[in-house]
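1. please work out how this folds:
(3 chains)
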Amino acid sequence: MRTPLLVMVFLLTFCFSLVTWLKPALARHLPDTARAESLLGTALGDSRRLFATHCFFKADRYLHSGFYPTLFDDRTLLAEKHLAGPHDDHDDAADNPAHRRQAQPTPDAELGYGFLGPPRDWLDRLGRYFFPSRHTHLEGKAEAGELVPWLRVAAALDPHRIETYLVTAYWLRRHLEQPEAALQILREGWRANPESYEILFELGRSFEEDRQDPVRARNLYELSLRKWEKRQDGVREADSQTYALLVAHLARLAEQEGRSAEAIGYFERLEKVSPDPARIRERLDELRRSR
Amino acid sequence: MSKVWALAGLVVWELYRRKDFYVLFVLTALITVLMGSAGLLHGVRAVRYVEELCLLLIWISALVIAVTTTARQLPAEREHRTLFPLLAKPVTRTEVILGKALGCWVATGLCLVVFYLFFGLVSAVREQAWPLASSLQALWLHWWMLAVVVAMSLLGSLLFATPAANATVQFLVAGGILLVGRHLNTVALGLPEPGQTLIYGLYFAIPHLELFDVRDLIVHDWAPVPWWACAAATLYAAAYAAAFLVLAAVTFRRQPLQ
Amino acid sequence: MRTDSILRIEELRVEYRSRELRQPARVAVRGLNLEVAAGEVFGFLGPNGAGKTTTINVLLGFVPPTSGAAYLFGVDVRRPIARQRIGYLPEQTYYYRFLSAEELLRFYGRLFQLAGGELDRRVVAALRLVDLEPVRRRPLRTYSKGMLQRIGLAQALINDPDLLILDEPTSGLDPVGRMKVREIIQRLKHEGKTVFFSSHELGEVETVCDRVGILCGGELKAAGRVTDLVREHQANLEQVFLRLIGYTPALPPAEGGVPGVGGAAAEIRR
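-> All right, here's what the predicted structure looks like:
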């Protein structure tokens, strides 16, 4: 009787010691471990990130009215094209921060059966009548609102997932005509992620386009640019698109406010990263001539 | 058949007198109402997440009611020794199996009706619409899915030592099928032989409970399933339920009572 | 063979196989032959483990015979129809505690395919017979042991059976409860019902039964009218019973022994 008790005490002591030794080491290696402010958050621990990802994809699933690939399906067809944004509104798609890393849209015809592929057997064929098996999108303001709850939950569960704030703000601004709500979301995101240049950029756009406040927008863009420049080289290369957009917005603002030298400086930076440098060069020439 | 109905009536009566259903219904209603009124939306109107949550809770509750009610039927009869006065009547063991299965199925069906009425109320209040055909179809398919679960649980109650062990296995099997059943063919095709044949065989052998899950169609406002497909699914469920019940009846007849 | 026999057991042998391979099967009943005629009250006596409940379990189809056969109303007990005209009261009463007495009787009545007015009439009659009509709507979980034993009797009578099989019907009851059960058996006897019951209460058997069978170690040691057995062995039923099962009382601790004990032992030995 005494031996098992001693073994239990030894094991408990060993586990406790191991935790006290490992926890700080883990915190050092994972500095951005999800921090919980609520009881639920504490209980969920780092699994909150998993739930947050689930909710984020749930929003995308809603965008496609339930037609969405699972782990077992070929996700490449849909994922390349559809991450939480409309695919057929090309102008919007270019604007949607979630679409910036996406490849050219694939026409629906190319999808055929979509990620499901052709039915493999009679059960598969029959089964497709019982779940959404056709590609479609939410339409209209009323339906677009269906995405927001999942995005809000995703942001609450993982406040450090920047994409969530950007996508939520996009839908609130573009489809639901709720710019103030978008601003509030972005402010929440900035508070949780003060080093995020992406959120600062979106905030700048909100001030510029919705509040018509170019001065605050410029300040935010400049701050965003500084934050982007502070990032490591690898990250900067990976997100040169945001940089291009930032510089383009700053150049346009400077041009509008009559600060031509500053505008030329930004256009010169843009020329180096733009996919269409010839057009930027033309714009630069025009500016130089007008000076 | 009147004996089978008498036995079935006893199961329904038992569920009516127990607290399981009431607790689960109140929980479902409470969580749905709380989530529906949570301030997530910044003035944006959203209905589908509430519908999805409500249907998820209904599915979980119905599965819990079906499995726990069925899993305890025969073990409770043995444990409380009520099986002896029962089998001393002119009742065959096959009739006991059929009566218990029918009772559990009807009882879960009655619970489902209450649950789906609540779901209809939620839809009507928040969406100002009630897709009647889709809801009826969902209820019908859900009920037939539970027929398979009830039959499996009844068979399990004769094979496993305790109702808890049986319920755990049933939850794992039903949950597993609902989550990955549809994808086993995809998984099989990616495997070398003999794994491919084995997994494909398993794919055809298991009862595809996910066939009866049309929640996404309701939540995302899709048209109802074609009626012929609905009828085919019903036949499919009936065939599996019958197969499990035959196995249960054979097992029960061979088992000693003491 | 008696032509009017309602219950007939022929060369019945029941073995319980051990779950361990090397253990031999346990023989619960060996070569039992028994007949009970219509209108008879038959007492089935035996010490614990004698095979009484096993024999009843065979009659009810719960346990299959290893060899031999048993018939109720001339029908093999393995066929459910054999149980259409019998009522059974188990040794300990276990019923659905969420039901009331009336609901329980209705349920069992429906198993005999009774319905409508006939079922109502039988339920009322059975409840009256066991004096439970005033508490018919109370859930069974609130019943005392005596009340449960009486509702057990009522359920056994719901189909107005021609044969009643009672497994120790007065076990664990207080004297009043025992008296009530005894009265009910007497009334059934007067109504011409056949009663087959096992019991330890020899006084009760002596009072109620027409015939008795004494079982020990799975074998029938004696069967016949109580008066015949008593006359044949020149002793009362208790002494006959102890003698037939081979009971040897312990010797008194000292000469003279404890007052009363030595006397009783000496009486049994005589």
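2. quick one: name the residues of the stretch 101-250 of chain A near chain B.
-> A:120-121, A:123-124, A:126-127, A:129-132, A:142, A:145-146, A:148-150, A:152-153, A:172, A:176, A:178, A:181, A:184-185 (C-beta under 8 Å from any C-beta of the partner chain). Where C-beta positions appear, they are placed from N, C-alpha and C, glycine not excepted.
3. give me the subset of those lying in helices.
-> Mapping these onto helices (DSSP state H) picks out A:123-124, A:126-127, A:142, A:148-150, A:152-153, A:172, A:181, A:184-185.
4. could the residues you listed be laid out in TSV, adding distance to chain C, neighbour count and pLDDT?
-> Formatted as TSV, these follow (distance: C-beta to the nearest C-beta, whole Å; neighbours: other C-beta atoms under 10 Å in any protein chain shown; pLDDT from 0 to 100):
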residue	distance to chain C	neighbour count	pLDDT
A:Leu123	40	18	86
A:Asp124	45	18	86
A:Leu126	40	16	87
A:Gly127	41	21	85
A:Ala142	49	13	64
A:Val148	47	27	83
A:Pro149	42	25	84
A:Trp150	43	27	86
A:Arg152	46	24	85
A:Val153	42	22	85
A:Leu172	54	28	85
A:Ala181	54	20	85
A:Gln184	55	14	89
A:Ile185	54	29	88
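5. farthest pair in these?
-> A:Leu123 and A:Gln184 (48.2 Å; C-beta to C-beta).
6. before we move on, back to that, kindly reformat the ones in helices among the residues of the stretch 101-250 of chain A next to chain B as a markdown table containing distance to C:Leu104.
-> Listed next are these as a markdown table, based on distance: C-beta to C-beta, whole Å:
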| residue | distance to C:Leu104 |
| --- | --- |
| A:Leu123 | 46 |
| A:Asp124 | 51 |
| A:Leu126 | 46 |
| A:Gly127 | 46 |
| A:Ala142 | 57 |
| A:Val148 | 56 |
| A:Pro149 | 51 |
| A:Trp150 | 52 |
| A:Arg152 | 55 |
| A:Val153 | 51 |
| A:Leu172 | 63 |
| A:Ala181 | 63 |
| A:Gln184 | 64 |
| A:Ile185 | 63 |
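7. so how far is C:Gln149 from the residue in the stretch 151-270 of chain C positioned nearest to chain B?
-> Relative to chain B, the nearest point of the stretch 151-270 of chain C is C:Gln155 (6.5 Å; C-beta to the nearest C-beta). C:Gln155 sits 11 Å away from C:Gln149, going by C-beta to C-beta, to the nearest Å.
8. quick one: low-confidence parts of chain A?
-> Applying pLDDT under 70 to chain A picks out residues A:1, A:27-41, A:73-114, A:139-142, A:232-238, A:291.
9. mind telling me what element the residue nearest in space to the middle of it is part of?
-> Closest residue to the average C-alpha location of chain A: A:Glu163 at 2.0 Å, with C-alpha atoms, centre = their mean. Secondary structure assignment for A:Glu163, by DSSP states H and E: helix A:162-174.
10. on contacts alone, who are the packing partners of that helix?
-> helix A:47-63, helix A:90-95, helix A:148-157, helix A:179-192, helix A:197-205 (3 or more C-beta pairs under 8 Å, 6 or more residues apart in numbering or on different chains; DSSP states H and E).
11. list the buried ones in the helix ranked longest in chain C?
-> The single longest helix within chain C, with elements called by DSSP H, is helix C:175-190. By 16 or more other C-beta atoms under 10 Å in any protein chain shown, the buried positions in helix C:175-190 come out as C:177-178, C:180-182, C:184-185, C:188-189.
12. among the residues you listed, which are within reach of chain B?
-> The subset of those within reach of chain B, counting by C-beta under 8 Å from any C-beta, is empty.
13. do you know the pLDDT at the nearest residue to B:Gln137 once chain neighbours are set aside?
-> Closest residue in space to B:Gln137, ignoring its immediate chain neighbours: B:Pro224 at 5.0 Å, by C-beta to C-beta, 6 or more residues apart in numbering or on different chains. pLDDT, B:Pro224: 87.
14. before we move on, what SS does B:Pro224 have?
-> coil (DSSP: H, G, I helix; E, B strand; the rest coil).
15. and B:Leu55, how far is that from chain C?
-> Per C-beta to the nearest C-beta, to the nearest Å, B:Leu55 is found 31 Å from chain C.
16. next, count neighbours for residue 241.
-> No chain specified, so I'll use chain A. Neighbours of A:Gln241 under the rule other C-beta atoms under 10 Å in any protein chain shown: 13.
17. could you do chain B instead?
-> Using other C-beta under 10 Å, B:Ala241 has 23 other residues around it.
18. is it true that it touches B:Ala151?
-> Yes. Using C-beta atoms under 8 Å, B:Ala241 makes contact with B:Ala151 at a distance of 4.3 Å.
19. so what's in contact with those two at the same time?
-> Common neighbours of B:Ala241 and B:Ala151, counting by C-beta atoms under 8 Å, 6 or more residues apart in numbering or on different chains, are B:Ala101.
20. helix or strand for B:Phe171, which one?
-> Assessed by DSSP H and E, B:Phe171 sits inside helix B:163-180.
21. so A:Tyr266 makes contact with A:Leu246?
-> No. Counting by C-beta under 8 Å, A:Tyr266 does not reach A:Leu246; the two are 9.0 Å apart.
22. where is the longest helix in the chain?
-> With no chain named, the answer covers chain A. In chain A, taking DSSP H as the definition, the longest helix is helix A:2-29.
23. not what I meant, chain B
-> Counting residues, the longest helix in chain B under DSSP H turns out to be helix B:93-127.
24. hmm, that one touching chain A?
-> No. Using C-beta under 8 Å from any C-beta, we find that helix B:93-127 stays clear of chain A, coming within 10.1 Å at best.
25. just checking, what packs against that helix?
-> On a contact count with 3+ C-beta pairs under 8 Å, 6+ apart, helix B:93-127 meets helix B:2-17, helix B:20-36, helix B:48-79, helix B:83-87, helix B:132-159, helix B:227-254.
26. now the first one against helix B:48-79, angle please.
-> By that I understand helix B:2-17. Between helix B:2-17 and helix B:48-79, the angle comes out at 120 degrees (axes from the mean of the first three to the mean of the last three C-alpha atoms, to 10 degrees).
27. wait, doesn't C:Pro161 sit right on C:Arg83?
-> No. Taking contacts as C-beta under 8 Å, C:Pro161 lies outside contact range of C:Arg83: 9.3 Å.
28. quick check: which element contains C:Leu34?
-> For C:Leu34, the host element (DSSP H and E) is strand C:26-37.
29. helices or strands up against that strand?
-> Applying 3+ C-beta pairs under 8 Å, 6+ apart, one finds that strand C:26-37 contacts strand C:5-16, helix C:52-59, strand C:194-199, strand C:211-216, strand C:219-225.
30. immediately after the second one, which helix or strand?
-> Note on helix C:52-59: by DSSP H and E, the next helix or strand toward the C-terminus is strand C:67-72.
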